[in-house]
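J.: give the three-dimensional model of this entry:
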Amino acid sequence: MNGITAIILTYNEALHLERCVASLRPVCERICIIDSFSTDNTVEIAKSLNVEVFQNAWENNYAAQLNWGIEQVNAQTEWTLRIDADEYLSDDLIAEMHQQISSLAMDVTGIELTRKVNFKGKWIRFGGFYPIHLLRIWRSGKGVCESRLMDEHMILSEGEIVRFKGHLVDDNLNSIHWWVNKHNNYARREAADILNQAYQFAEETDLSEVGVGKQAAFKRQAKNSIYNKLPLGLRALVYFLFRFIIQLGFLDHPKVWVFHVMQGFWYRLLVDINVAEAKTYSQGDMARMRVLVRDVWKIKI
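T.: Got it, this is the predicted structure:
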């Protein structure tokens, strides 16, 4: 199989890192972590696993951190793979990679993986969460993460994209307290991303004009043209009801109902509260808005 370099972004991932690395061993020639100066023993675990370690200060911007990592790693293998520490490759995906990557045509420069998300040990099968197709493998030198504060995607400079059916499993083992804190931070980043559309702090990527998966482009289009045009607050409720009823989220395990309520309603409402608060604070003044996002929210723009 053609060589693959894996890139893993980490911050306090001692709970997940070994599982992730173990799943990469059968298919990756090189494994690199881009660590944001973890305060647990993530780096020690990485070194014990004989993976390469790079460190860079976190600026509350996933795309900037990933692109820094891509540049520093400077992969010489034919392919590069992006994976989060709380994810791992399933056996069926590993087998599919062994069987198919080496036979792909040269005009294929990207591979979408099918993500399967678990919450508290239960598969999130409904509510629009499966299947999720993500561009996670690309020919080295052909892929970059779009510069965006939230909902960032890998984009290709050229070539075609194929899709593998095997699962990339997302199974975070942290507590609900950790999850809430993480989404509190996400909410501000997504609020800043929404404000960017209105105030144009930075240029956005038009996914219809670059090499990216069709599902990602469709979701971005639906969010910009429908969801973001609905009233603040109301759209969170509408989205939750659409996801839980129309997209059959209620058929998931009752443990997953917590996820649908928290991620589909509470989180979306929190984003809108942050947007409303920012607009009140700035009173429409772009300079004041930038100060809030940059200095108070600590988001680099």
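J.: in the longest helix along the chain, what counts as buried?
T.: The longest helix of the chain (DSSP state H) is helix 176-199. Under the neighbour-count criterion of 16 or more other C-beta atoms under 10 Å, helix 176-199 has 179, 183, 186-196, 199 buried. In short, each C-beta sits where N, CA and C put it, glycine included.
J.: so where is the stretch 1-150 of the chain shaky, pLDDT-wise?
T.: 1 (pLDDT under 70).
J.: do you have the strands of it handy? List them.
T.: If DSSP state E, counting those that start in this stretch is used as the criterion, the strands of the stretch 1-150 of the chain fall at 4-10, 30-35, 52-55, 79-84, 87-89, 108-119, 122-123, 132-139, 143-145.
J.: minimum distance to H260: which of these has it?
T.: strand 108-119 (9.2 Å; C-beta to C-beta).
J.: that older thread, could you dump the strands of the stretch 1-150 of the chain to a markdown table with mean neighbour count?
T.: Converted to a markdown table, these look like this (neighbours: other C-beta atoms under 10 Å):
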| stretch | mean neighbour count |
| --- | --- |
| strand 4-10 | 23 |
| strand 30-35 | 22 |
| strand 52-55 | 14 |
| strand 79-84 | 23 |
| strand 87-89 | 24 |
| strand 108-119 | 21 |
| strand 122-123 | 16 |
| strand 132-139 | 22 |
| strand 143-145 | 21 |
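J.: OK, contacts around F240?
T.: Counting by C-beta atoms under 8 Å, 6 or more residues apart in numbering, F240 makes contact with 260-261, 264-265, 268.
J.: which of the residues you listed are buried?
T.: Judged by 16+ other C-beta under 10 Å, buried ones among the contacts of F240: 260, 264-265, 268.
J.: counting only helices, which of these make the cut?
T.: Counted as lying in helices by DSSP H, out of the buried ones among the contacts of F240, are 260, 268.
J.: low-confidence regions, the stretch 151-300 of the chain specifically.
T.: 202-210.
J.: can you map out the helices along it?
T.: Per DSSP state H, counting those that start in this stretch, the stretch 151-300 of the chain carries helices over the ranges 176-199, 214-225, 234-241, 254-261, 267-282, 286-291.
J.: may I have the last one as PDB, with CA atoms only?
T.: The C-alpha trace of helix 286-291 is given here as PDB (Å, rounded to 0.1, in the frame of the first residue of the first chain):
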ATOM      1  CA  MET A 286     -17.300  46.500  13.500                       C
ATOM      2  CA  ALA A 287     -14.100  47.700  15.400                       C
ATOM      3  CA  ARG A 288     -15.800  47.000  18.700                       C
ATOM      4  CA  MET A 289     -17.000  43.600  17.500                       C
ATOM      5  CA  ARG A 290     -13.400  42.700  16.500                       C
ATOM      6  CA  VAL A 291     -12.200  43.700  20.000                       C
END
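J.: which helices and strands sit right next to it?
T.: Contact here means 3 or more C-beta pairs under 8 Å, 6 or more residues apart in numbering; DSSP states H and E; on that basis helix 286-291 packs against helix 176-199, helix 267-282.
J.: quick one: which of the helices of the stretch 151-300 of the chain is nearest E29?
T.: So among those, helix 214-225 is nearest, using C-beta to C-beta, at 27.3 Å.
J.: would you mark the buried spots in that closest one?
T.: 216-217, 219-220.
J.: what's L135 in contact with, if anything?
T.: 110-112, 143, 153-156, 161, 212-213, 216.
J.: farthest-separated two in the buried residues of helix 214-225?
T.: A217 and K219 (7.5 Å).
J.: what is in contact with those two at once?
T.: Here A217 and K219 have no joint contacts, going by C-beta under 8 Å, 6+ apart.
J.: in TSV, list the buried residues of helix 176-199 along with distance to M286.
T.: Shown next, in TSV, are the buried residues of helix 176-199 (distance: C-beta to C-beta, whole Å):
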residue	distance to M286
W179	33
H183	27
Y186	24
A187	21
R188	18
R189	19
E190	19
A191	15
A192	13
D193	16
I194	14
L195	10
N196	11
Y199	5
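J.: show me the two of the residues you listed that sit farthest apart.
T.: Spanning the widest gap among the buried residues of helix 176-199 are W179 and Y199, at 29.8 Å by C-beta to C-beta.
J.: having no further points to raise, I will conclude here.
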